[in-house]
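A.B. asks: fold the following.
(2 chains)
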Amino acid sequence: QKEVEQDPGPLSVPEGAIVSLNCTYSNSAFQYFMWYRQYSRKGPELLMYTYSSGNKEDGRFTAQVDKSSKYISLFIRDSQPSDSATYLCAMSKGAQKLVFGQGTRLTINP
Amino acid sequence: NAGVTQTPKFRILKIGQSMTLQCTQDMNHNYMYWYRQDPGMGLKLIYYSVGAGITDKGEVPNGYNVSRSTTEDFPLRLELAAPSQTSVYFCASRLTGLAYNEQFFGPGTRLTVL
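C.D. replies: Below you'll find the predicted structure:
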């Protein structure tokens, strides 16, 4: 069983839709939960991070962590074509090595 | 700041050839990492370094070597290229002292081994 599982997609939605991206994990020691965004032919960039359980909002993006279910989500409201990218979840125990999900390729259609 | 830079952007190697992928960062970060990214497989850690002169293996180190003689540079060496090493390689760095592991990535090197 992989430590972090992420549906690779691809996921294609119309502009303005609400997008939900998800990851599950098996290691209960993970404390930090991150979402990286990777545009085509570029390196990943940190989008958001959350510590432990709960929600965090940044503009149109909301990150949710449910440690009891070992499940994390990223919601994108009012999705834009510029949100088209691959989204990678990543997790760590403290500042130790990151464990990445497989990444979900998202396309927002105008 | 240029951030994390990688050279070359693209390379085609023949089986058995050797090459060095270059990585430089100008943010004075102590930690540096090498990952490979295969389609649908996420990022796999090859090697990492916690400072000049200190390196350690990651998840998939076989077939690769690294060195860290300065804070800025962290080259990745492929000695005998194999088709299984066809991938996109990313170098990353991070600042120490943060509670969480925010890594800054370079633009990647696309390597094909034929």
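
A.B. asks: contacts, neighbours, all on C-alpha from now
C.D. replies: Fine.

A.B. asks: please identify the nearest residue in space to the residue nearest to the spatial centre of chain B, excluding sequence neighbours.
C.D. replies: Using Cα atoms, centre = their mean, the residue of chain B that lies closest to the mean C-alpha position is residue B:34, 2.8 Å off. Once flanking residues are discounted, residue B:34 sits nearest to residue B:91: 4.6 Å by Cα to Cα, 6 or more residues apart in numbering or on different chains.

A.B. asks: give me the element the one you found is part of.
C.D. replies: Secondary-structure element containing residue B:91, defined by DSSP states H and E: strand B:87-94.

A.B. asks: is the very next helix or strand once past that strand positioned near chain A?
C.D. replies: Using DSSP H and E, the helix or strand that directly follows strand B:87-94 along the chain is strand B:104-105. Yes - contact check for strand B:104-105 against chain A, using Cα under 8 Å from any Cα of the partner chain: residues in range are B:104-105.

A.B. asks: show me what strand B:104-105 is packed against.
C.D. replies: Here strand B:104-105 touches strand A:45-51, strand B:87-94, going by 3 or more Cα pairs under 8 Å, 6 or more residues apart in numbering or on different chains; DSSP states H and E.

A.B. asks: returning to that earlier point: give me the distance between the residue nearest to the centre of chain B and chain A.
C.D. replies: Per Cα to the nearest Cα, to the nearest Å, residue B:34 is found 12 Å from chain A.

A.B. asks: adjacent strands (with direction) for the helix or strand harbouring that residue?
C.D. replies: Assignment of secondary structure by DSSP H and E places residue B:34 within strand B:31-37. When pairing is defined by DSSP bridges, strand B:31-37 lines up against strand B:43-51 (antiparallel), strand B:87-94 (antiparallel).
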